[in-house]
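S.K.: This is a predicted model, with the sequence first.
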Amino acid sequence: MTTPRLLLLIFLVILSAAFVIFLYRFIRDPSLISLLLAMISPLLIAAILDTSEPISETLDSFLNRGKKLSSCTIYLYGMAGSGKTSLMKSWLQADQKPEKSTEVFDYYPHQVLDSVEQQKYIKINIADYQGQKQSGIINNEKLRLANAILFVVDVVPRYDESYNLLDTSNKQIEWLSHSTAKKIHQRVDDHRIYIMGSLEPLFDRLFNKHLYSIRLVINKYDLIEKLGKKGLLPDLDSDADSNQIQKYAIGLFKDIETEIRRACQVNQIQDFSVSLISTSTDLNVRNLLRGIIKTYKNKQN
């Protein structure tokens, strides 16, 4: 319990005691005392319950007992700067510190409302890969709990050649406006080497009978669209339509898609697809999570 909550709780307890002493010392009519206690007591009890986190959590647990709370564990994997943490924060819809941190992953628990009518929730555990030591995954036995793995890629790094931070859409577009094809293909090659180099040991470590969904997530699709409309994408005219731009974006990562699809076939994982998203504009971010949860629920039934 935080200090402000604790002080408020102590104040409420003292106030309640003082109120009871006042009633019995200065009011002689027993029926009036009973009436006042009946009126004030529920308010004080409600305030104390709301102030005390352990009591609130216990009460909430009691009221929700009998409601099955499933748990879907999702692993986000990819290079640093690809948008894994931004994707996770989009799902959480709030800044949240990890419940647990290791050298390789930050773990974030969250609950998603699954049925409004029955007030049922699904618990999701998001493991945000820090994008550094791949050996940490290969040597971690606990990672066999995964229900879904998302390989997150993009077309622009976190820093430019001079280590200037590319942290806004305008900076990214400006940087990509020059030598566009070279820069995009360099970033794609980096992803290809990074993911394909660890794909086999990654599946060896993470595969389990409850691993249901695999996604290749192409983030920052809004940048690709803007570049397409400016006529800066190689092999595409400035009047290219949405379908052409989507095919171009997916085609960039065709080698990675092919290898992941092959790994899914070897491990008999049927739910694999490529998703185009943008965490900065929220494009397809919710749909991505809903699809994973849908597959998880179907497998649980």
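M.R.: Thanks, I have the structure now. Every value quoted in this text rests on a predicted model; they were computed, and no experiment measured them.
S.K.: Now the nearest residue to residue 155 once chain neighbours are set aside: which helix or strand?
M.R.: The shortest distance from residue 155 to any non-neighbouring residue, by CB to CB, 6 or more residues apart in numbering, is to residue 184 (5.0 Å). Just so you know, the C-beta spots here come from the backbone N, C-alpha and C atoms, and that holds for glycine as well. Using DSSP states H and E, residue 184 falls within helix 180-196.
S.K.: next one: residue 113
M.R.: Going by DSSP H and E, residue 113 is part of strand 105-115.
S.K.: which strands and helices sit next to the helix or strand following that strand?
M.R.: Beyond strand 105-115 in the direction of the C-terminus, DSSP H and E gives the next helix or strand as strand 120-129. Packing contacts for strand 120-129, counted by 3 or more CB pairs under 8 Å, 6 or more residues apart in numbering; DSSP states H and E, involve strand 70-77, helix 84-92, strand 105-115, helix 285-300.
S.K.: pLDDT below threshold where in the chain?
M.R.: 1-9, 12-13, 16, 19-20, 23-30, 32-33, 35-70, 94-105, 115-119, 130-144 (pLDDT under 70).
S.K.: All the strands of it, in order from the start?
M.R.: For the chain, the strands defined by DSSP state E cover 70-77, 100-101, 105-115, 120-129, 148-153, 213-218, 271-276.
S.K.: Dump these to CSV, plus distance to residue 234 and mean neighbour count.
M.R.: Converted to CSV, the strands of the chain look like this (distance: least, CB to CB, whole Å; neighbours: other CB atoms under 10 Å):
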stretch, distance to residue 234, mean neighbour count
strand 70-77, 28, 22
strand 100-101, 41, 12
strand 105-115, 36, 16
strand 120-129, 30, 20
strand 148-153, 18, 26
strand 213-218, 17, 24
strand 271-276, 18, 18
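S.K.: a markdown table please, covering the ones you listed and showing distance to residue 291.
M.R.: Formatted as a markdown table, the strands of the chain follow (distance: least, CB to CB, whole Å):
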| stretch | distance to residue 291 |
| --- | --- |
| strand 70-77 | 11 |
| strand 100-101 | 26 |
| strand 105-115 | 13 |
| strand 120-129 | 13 |
| strand 148-153 | 9 |
| strand 213-218 | 8 |
| strand 271-276 | 8 |
